[in-house]
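Colleague: only the shape, not the letters, is given here:
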């Protein structure tokens, strides 16, 4: 059957240094688990960092690009899914992920958390405080982790329950 | 040129009674302003109520459906845009709206608020407390209204600045 | 219920003069029937001409744009549906049309004919020879007309059978 | 950089036996070239056969599903891209493929050939007579092959010119 795919979401152009460090580490850990990494594919922020981390450990990286070409793709992406659909690709990101881990980000990231929850996915926030919004999912499918390692442990549990 | 289109977002199956009352009134007011109403088109919650309100005042109603047919469309929709794209139609909702007014809702509604802000739209919340998320937009493109009437006044101002 | 929507497809930048004349006339006739016109919304070729024809007779015009803004929209479009999805909007064009009339065009137009037939729509070709492809639909849901007037008569019959 | 991705298109439920044999062989050959195989992901026809062929030779298989889950995915798909977008995923199929090989199929396949040509892709038809349509591309980006082996040779040449 299909490989387990873990989506990593988070800020692009304005990602914080901590988000980027978390994303790189998440990529490493995802690869070490044998999971494929999926993200938004662009060569900035959490996308670039998580792909680089996964690649550094020999993982498979999938980038679902908003653009109609691979021009802005991270060079660390193995499989570029070229959608030409702008933000509508966020829906594909969440539907194609067995579980979603989100570093801090802006409204694009929030849209993915929202769409993930709406579509039955478990969403794990790493050092990302989004306030009381979505609190009806808190502790069930919306989880919080303080470190990448904790996020991977939560992802492992969520995948085991699928 | 194209008509002014105001999007009304908000809960579907689980919309509160207050949301539905607000949505109906928003529809009436939008029609009275001469604006076209756009929403998600289904025959439930804020979608059905806002379309009914707009129709009751002779307004034009546009429904951007997630489905691949009009089977679940509200009968108060004049123009059914059939996308067959599920939640990806949320992107179309926000891009096609000159300004967005959001009643309370769940993650689908939150995804539209997020996508609207990401794409430069002014989003007006009517009795919808989303906490500190998106606070970087507060008072600029993320506005709060206590009543439908106040939301329409804010929409008028936002449209005047475009 | 929703208004009857007739889609007019055909060439954009490279449309022939005859296609453009046919498109304008189709727009006029669609408006006179009281149907809403839907097309790809851009300010070129069959899109611009059919919208202009419909507007000249007081018809309602809907443009489903591939772009993420209305920058390239025809000024004859009343309702701009902004998809930001590139060619994926072709699917929306056909699903949102109760019947499809196609003037001559290139591969974009062919994709709409194909998607229309796949999704149960009747497609009426006006002076557009596409060879034996789709011949399994010929005479049933793939019809040929020599003039805009004949196309409208075939559209009327197709709509009556829905 | 990203891996070379070759898309294989063709009929689903109604694929001919010859198409299915060709698709299986194409999958084998694509895997042997070290290319990733991309198709529509469902467990029928050319999709299922090409994935099975590629997997039998250790190739990586990517399925871009129209559905909102993996329920109808072929078990031979390694990476399931879940779009929930119906036929709009055909656009993603062609944009994500460096070159497209098409076995015989119906209107869905024709839409992919059309969208591929519109978006600058080389499309290689294997035993698929589509008549004079798209003849402006014939011999340049629309090529014909009598066998899977010949198609792969043409794909190799097209990739070398990119």
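Modeller: Perfect, thanks for sending it. Since we're looking at a predicted model, the values are computed, not measured.

Colleague: check whether the longest helix that chain A contains contacts chain D.
Modeller: If you go by DSSP state H, chain A has its longest helix at helix A:17-33. No. On the criterion Cβ under 8 Å from any Cβ of the partner chain, helix A:17-33 is out of touch with chain D, staying 14.1 Å away. For every residue, glycine as well, the C-beta is placed using N, CA and C.

Colleague: quick one: buried residues of that helix?
Modeller: By neighbour count, with 16 or more other Cβ atoms under 10 Å in any protein chain shown as the criterion, the buried positions of helix A:17-33 are A:19-31, A:33.

Colleague: return the member of those nearest to chain B.
Modeller: Of all the buried residues of helix A:17-33, chain B sits closest to residue A:19, with 15.5 Å by Cβ to the nearest Cβ.

Colleague: list the contacts of that closest one.
Modeller: If a contact means Cβ atoms under 8 Å, 6 or more residues apart in numbering or on different chains, then residue A:19 has A:10, A:11, A:45, A:46, A:49, A:103, A:104, A:105, A:127 as its contacts.

Colleague: if we take those residues, which one ends up nearest to chain B?
Modeller: Distance ranking of those against chain B, using Cβ to the nearest Cβ, places residue A:105 first at 10.2 Å.

Colleague: residues near the closest one, how many?
Modeller: When neighbours are defined as other Cβ atoms under 10 Å in any protein chain shown, residue A:105 has 23 of them.

Colleague: show me where chain A has helices.
Modeller: In chain A, the segments counted as helices under DSSP H are A:17-33, A:45-56, A:89-95, A:107-118, A:148-160.

Colleague: ok so, going back, distance from the chain centre to the longest helix of chain A, please.
Modeller: Using Cα atoms, centre = their mean, to the nearest Å, the distance from the centre of helix A:17-33 to the centre of the chain it belongs to is 10 Å.

Colleague: equivalent analysis for stretch A:71-91, please.
Modeller: Taking mean C-alpha positions (Cα atoms, centre = their mean), stretch A:71-91 and its chain are 13 Å apart.

Colleague: if we can go back for a sec, distance to residue B:71 for the helices of chain A - can I get that in CSV?
Modeller: CSV is the format used below for the helices of chain A (distance: least, Cβ to Cβ, whole Å):
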stretch, distance to residue B:71
helix A:17-33, 40
helix A:45-56, 38
helix A:89-95, 21
helix A:107-118, 21
helix A:148-160, 34
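
Colleague: most neighbours per residue, which of the ones you listed?
Modeller: Mean neighbour count, computed with mean count of other Cβ atoms under 10 Å in any protein chain shown, is highest for helix A:89-95 among the helices of chain A, reaching a mean of 29.

Colleague: and that helix, what's its mean pLDDT?
Modeller: This predicted structure assigns helix A:89-95 an average pLDDT of 98.

Colleague: what separates the closest residue to residue A:121 other than its chain neighbours from residue A:30, distance-wise?
Modeller: Ranked by Cβ to Cβ, 6 or more residues apart in numbering or on different chains and with sequence neighbours excluded, the top spatial neighbour of residue A:121 is residue A:100, at 5.3 Å. Remark: distance between residue A:100 and residue A:30 (Cβ to Cβ, to the nearest Å) = 12 Å.

Colleague: give me the common contacts of the two.
Modeller: Common contacts of residue A:100 and residue A:30 (Cβ under 8 Å, 6+ apart): A:6, A:8.

Colleague: now do the contacts for the residue of chain A found nearest chain B.
Modeller: Chain B sits closest to residue A:131 of chain A, with a gap of 3.4 Å, by Cβ to the nearest Cβ. The contact partners of residue A:131, taken as Cβ under 8 Å, 6+ apart, are B:130, B:131, B:132, B:133.

Colleague: okay, now the third one: neighbour count?
Modeller: So the one you mean is residue B:132. For residue B:132, the neighbour count with other Cβ under 10 Å is 12.

Colleague: what residues are up against it?
Modeller: Residue B:132 is in contact with residue A:131, counting by Cβ under 8 Å, 6+ apart.

Colleague: go on, the last one?
Modeller: Listed by Cβ under 8 Å, 6+ apart, the contact partners of residue B:133 are A:110, A:130, A:131, A:133.

Colleague: same thing but at 10 Å, please
Modeller: If a contact means Cβ atoms under 10 Å, 6 or more residues apart in numbering or on different chains, then residue B:133 has A:107, A:110, A:113, A:129-134, B:110, B:113-114, B:142 as its contacts.

Colleague: got the residues of chain A near chain B?
Modeller: Contact residues (Cβ under 10 Å from any Cβ of the partner chain) of chain A with chain B: A:83, A:85-92, A:94-95, A:106-119, A:123, A:129-137, A:142.

Colleague: circling back: need the contacts of residue A:131 in a markdown table (columns: distance to residue B:57 and pLDDT).
Modeller: What follows is these, written out as a markdown table (distance: Cβ to Cβ, whole Å; pLDDT from 0 to 100):
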| residue | distance to residue B:57 | pLDDT |
| --- | --- | --- |
| B:130 | 29 | 95 |
| B:131 | 34 | 91 |
| B:132 | 36 | 90 |
| B:133 | 34 | 93 |
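
Colleague: which of those sits closest to residue B:41?
Modeller: Distance to residue B:41, by Cβ to Cβ, is smallest for residue B:130 among the contacts of residue A:131, at 23.5 Å.

Colleague: apart from its chain neighbours, what residue comes closest to the closest one?
Modeller: For residue B:130, ignoring the flanking residues on the chain, the nearest one in space by Cβ to Cβ, 6+ apart is residue A:133 at 5.2 Å.
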